[in-house]
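Asker: kindly generate the corresponding structure for this input.
(chains A, B, C and D)
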There are 2 protein chains.
Amino acid sequence: MADTPSARDRILDAFEELLAEQSERAATLDAVAARAGVSKGGLLYHFASKDAMVDGVLSRLSAHVDADLDRMRSAPEGPVAYFIRTSVPTDNDLERSIVAVARLAQSADSRARDALSAMQRSWLSILESSVGDPLVARIIMLIGDGMYYNTALLPDTNAVLRSETDMDRVIELVKRLADS
Amino acid sequence: MADTPSARDRILDAFEELLAEQSERAATLDAVAARAGVSKGGLLYHFASKDAMVDGVLSRLSAHVDADLDRMRSAPEGPVAYFIRTSVPTDNDLERSIVAVARLAQSADSRARDALSAMQRSWLSILESSVGDPLVARIIMLIGDGMYYNTALLPDTNAVLRSETDMDRVIELVKRLADS
DNA sequence: GTCTATATTGCGATAGAC
DNA sequence: GTCTATCGCAATATAGAC
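Answerer: As a prediction, the model looks like this:
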């Protein structure tokens, strides 16, 4: 199953990768088709328009976010630590999906913006339940947003948090905010 | 002087506005020329290529950032409070310039990315001098980045910090981090 | 389901008149 | 310094063969 992804999945993978690794402009039908190993005509059989492809990555994001929210709610270390730890640049499906949708949002795609807003509201809601103080929850969200922003906008350049020790200290500092 | 901006300045204004208010794709030569009140040929007399126009907005950013760094260093409330206060969405030349360049950076323009990186390094350096602890300085930067990110990516949607009271409390909380 | 044309539009840039 | 007209190209999308 994971060995032979369908053409449809390979196309969405290619679209997300080009968006996230390069730019919205680079993610042309030609480039997506080439990376997915199909012709442009083949691509357009599966997705009748570029818009349909956007819908595809948006529903993928939605699925990844739902799974992440579950993990966040039941994280052993608690939602705050989970949120901070998973905001640091890694290389997983959720992050790639978020960066891809962020690029679409930059191109004035209102559906993409709505999807990102909804994701933020969900995170914020869990953080608020966890820390009590809405303003502290918002500050924690902003720290996470800042990390994603640096990942999406300034790949390579950003040495956000270098070590595990740094990460542990950030979580400790942030938790102290919550207890004040 | 402010009454009759030169065609050159009107073109850069129009380019920045289209980038910031709409998207990189919307900022075509046609659209910029129309907004600036010149023809496409007229535009291309002042800027031989779109790339030259990008250079124009990058030097504007550089000038705005230099002025901001001076204000930050000499802010009566201190650099930290100044930085946090000016990270909240407002409507000034610096912010419009940053958002415009952020859009260019999203389009894989390495010069734009370098300019944003340099800006961040300058801010961070002042914050580090001010708070001592490099990790706390980085956290403060991330909060500011988060605010800019929300402004640039999700206009309207983002209710970052609603009131003056919220802002004052954020600054107080952040300063407490610095003193721990 | 996947391919090769091809139609069509929109963009960046050039040429040359005024 | 500013204009109109036009070239060349790249991108989305369609048509129809296999």
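Asker: so where do the helices sit in chain A?
Answerer: Using DSSP state H, the helices of chain A run over A:7-21, A:29-36, A:40-46, A:50-73, A:79-87, A:93-106, A:110-131, A:134-153, A:164-178.
Asker: looking at these, which is nearest to chain B?
Answerer: Closest to chain B of the helices of chain A, according to Cβ to the nearest Cβ: helix A:134-153, at 3.3 Å. Any C-beta I mention is one placed from the backbone N, CA and C, and that applies to glycine too.
Asker: on that earlier part again, to B:Ser49, which of the helices of chain A lies closest?
Answerer: Minimum separation from B:Ser49 across the helices of chain A (Cβ to Cβ) falls at helix A:93-106, 22.5 Å.
Asker: for the closest one, name the packing helices and strands.
Answerer: On a contact count with 3 or more Cβ pairs under 8 Å, 6 or more residues apart in numbering or on different chains; DSSP states H and E, helix A:93-106 meets helix A:7-21, helix A:50-73, helix A:110-131, helix A:134-153, helix B:93-106, helix B:134-153.
Asker: briefly note if the second one comes near DNA strand C.
Answerer: No: Helix A:50-73 stays out of contact with DNA strand C when judged by Cβ under 7 Å from any atom of the strand, the minimum separation being 13.3 Å.
Asker: pLDDT (mean, whole number) over that helix?
Answerer: Averaged across helix A:50-73, the pLDDT comes to 98.
Asker: tell me the phi and psi of A:Ser39?
Answerer: Note on A:Ser39: its backbone torsions stand at phi -90, psi 170 [degrees, to the nearest 10].
Asker: list the residues that contact the residue positioned nearest the centre of chain A.
Answerer: Ranked by distance to the mean C-alpha position of chain A (Cα atoms, centre = their mean), the top residue is A:Ile98 at 2.2 Å. Shown in contact with A:Ile98 (Cβ atoms under 8 Å, 6 or more residues apart in numbering or on different chains): A:61, A:116, A:119, A:148, A:152.
Asker: before we move on, the earlier item: dump the helices of chain A to TSV, plus distance to B:Leu161.
Answerer: Listed next are the helices of chain A as TSV, based on distance: least, Cβ to Cβ, whole Å:
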stretch	distance to B:Leu161
helix A:7-21	29
helix A:29-36	39
helix A:40-46	44
helix A:50-73	23
helix A:79-87	19
helix A:93-106	21
helix A:110-131	13
helix A:134-153	7
helix A:164-178	15
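Asker: which one of those helices lies closest to B:Thr86?
Answerer: In terms of Cβ to Cβ, the element of these nearest to B:Thr86 is helix A:134-153, at 14.6 Å.
Asker: distance from the chain centre to that closest one, please.
Answerer: 13 Å (Cα atoms, centre = their mean, to the nearest Å).
Asker: and that helix with chain B, contact?
Answerer: Yes: counting by Cβ under 8 Å from any Cβ of the partner chain, chain B has neighbours in helix A:134-153: A:135-136, A:138-139, A:141-150, A:152-153.
Asker: what's the span of stretch A:16-32, first residue to last?
Answerer: Criterion Cα to Cα, to the nearest Å; first-to-last residue distance in stretch A:16-32 is 9 Å.
Asker: give the buried residues for it.
Answerer: Neighbour-count burial for stretch A:16-32 flags A:16-20, A:23-25, A:27, A:29, A:31-32 (criterion: 16 or more other Cβ atoms under 10 Å in any protein chain shown).
Asker: how many neighbours does A:Pro76 have?
Answerer: Using other Cβ atoms under 10 Å in any protein chain shown, A:Pro76 is surrounded by 6 other residues.
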